[in-house]
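Chemist: Curious how this folds, go ahead:
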Amino acid sequence: DKAVVINVSTGERIWEWDPQKSAIPDSKKPQFTLLDGIKPIYNCKYLLITATRGGVAIVRMNDSKVMFYALPMGYPHSAEVLPDGNVVVACSDAPDKLGNKLKLYEVDTTQVYSKEPIGEYDNFYAHNAVWDKENLLLWTTADDKLFSWTYEKKDDKMTLIPHETLALPDKTAHDLFPVYGEKKLWLTTASAVYKFDVSKKTFTKFIGAVTKNIKSITSGPNEYPIILLSPNQNYWSDRLI
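Modeler: Numbers count the residues shown, from 1 in each chain. Below is the predicted model:
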């Protein structure tokens, strides 16, 4: 239930954020339990965080201040910042019937809390969202499909518009994340890990020691390891690989 930053070389925990000790109102703190997604944004000075119980937040690292938060519910699994600073949240298949959607929130610097989304879009089993700066597209998955979306103004408001649908080589897609140093995206599913070539629209299976049911994957420069999150406690984990 905390977001942490760890020095890969030393294993030292160098930063942490506990939503229960934050300025989020007490009535809304239950929606910030079971944190399940964290992305560095804005040159690693802020973190974009989602929680299974329904919350999404942007936290400034130097003072742990909450700059934005919303309660999309629907089991948020990931979020992404769009070019204008707005946030899109991927909400999964949830018992509260509020999931299977992308929810778009306006980020207003004068208001920390965003009560309602400015747009909702059907996206079954939504688990991820990645903004492609070069092609100006948002990529998301829906179980066995890969979607791309354009982000543009329509009827005087910003909206996501379906662009392309591709079949995935596998079912139960989990993570989608940029491959460091390549114009590709990591894709993890229930049984494998792939690299998706954004230009060629092709998938290449990644060969590794652990590739089944990977919940999250990230890579860096050659001197850093590829880091995987593989469940060893039901559908979550107490370790990184």
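
Chemist: residue nearest the centroid of this protein?
Modeler: Here the mean C-alpha position of the chain is nearest to the C-alpha of residue 78 (Cα atoms, centre = their mean), at a distance of 2.5 Å.

Chemist: Now it: phi and psi?
Modeler: Listed backbone geometry of residue 78 is phi -170, psi 170, with angles given as degrees, to the nearest 10.

Chemist: Touching, it and residue 125? I think so.
Modeler: No. When contacts are counted by Cβ atoms under 8 Å, residue 78 is not listed as touching residue 125 (12.0 Å). Glycine gets a C-beta too; all of them are placed from N, C-alpha and C.

Chemist: what about the protein, any weak spots by pLDDT?
Modeler: Counting by pLDDT under 70, the chain contains no low-confidence residues.

Chemist: Need the residue in it that's farthest from the chain's center.
Modeler: Residue farthest from the centre of the chain, counting by Cα atoms, centre = their mean, is residue 155 at 27.7 Å.

Chemist: so which strand or helix has residue 88?
Modeler: For residue 88, the element it lies in under DSSP states H and E is strand 87-91.

Chemist: Run through the neighbouring helices and strands of that strand.
Modeler: Helices and strands touching strand 87-91, by 3 or more Cβ pairs under 8 Å, 6 or more residues apart in numbering; DSSP states H and E, are strand 56-60, strand 65-70, strand 76-81, strand 101-105.

Chemist: cutoff 7 Å now
Modeler: Using 3 or more Cβ pairs under 7 Å, 6 or more residues apart in numbering; DSSP states H and E as the contact definition, the elements that strand 87-91 packs against are strand 76-81, strand 101-105.

Chemist: what does the last one rub up against?
Modeler: Outside of strand 101-105, the residues that reach it under the criterion Cβ atoms under 7 Å, 6 or more residues apart in numbering are 70, 72, 74, 86-91, 114, 117-123, 126, 129, 140, 160.

Chemist: now that strand against strand 87-91, angle please.
Modeler: Strand 101-105 runs at 160 degrees relative to strand 87-91, counting by axes from the mean of the first three to the mean of the last three Cα atoms, to 10 degrees.

Chemist: next one: the first one
Modeler: What separates the directions of strand 76-81 and strand 87-91 is an angle of 160 degrees, with the same axes, to 10 degrees.

Chemist: Who does strand 76-81 pair with, and is each partner parallel or antiparallel?
Modeler: strand 87-91 (antiparallel) (DSSP bridges).

Chemist: got the angle for the strand it pairs with vs strand 65-70?
Modeler: Calculated by the same axes, to 10 degrees, strand 87-91 forms an angle of 60 degrees with strand 65-70.

Chemist: Restrict strand 87-91 to CA atoms and write it as PDB.
Modeler: Extracted as PDB, the C-alpha positions of strand 87-91 are listed here (Å, rounded to 0.1, in the frame of the first residue of the first chain):
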ATOM      1  CA  VAL A  87      -4.700  11.800 -17.700                       C
ATOM      2  CA  VAL A  88      -6.200   8.700 -19.100                       C
ATOM      3  CA  VAL A  89      -6.900   5.700 -16.800                       C
ATOM      4  CA  ALA A  90      -7.200   2.100 -17.800                       C
ATOM      5  CA  CYS A  91      -9.900   0.500 -15.700                       C
END
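
Chemist: hmm, who's touching that strand?
Modeler: Residues outside strand 87-91 that contact it (Cβ under 7 Å, 6+ apart) are 50, 56, 72, 74-82, 98-99, 101-105, 107, 123, 126-129, 138, 140, 160.

Chemist: Residue 29 in helix, strand or coil?
Modeler: Of the three states, residue 29 takes helix under DSSP: H, G, I helix; E, B strand; the rest coil.

Chemist: Please give the number of neighbouring residues around the closest residue to it other than its chain neighbours.
Modeler: Closest residue to residue 29 in three dimensions, ignoring its sequence neighbours and counting by Cβ to Cβ, 6 or more residues apart in numbering: residue 20, at 5.5 Å. The tally of other residues near residue 20 (other Cβ atoms under 10 Å) stands at 12.
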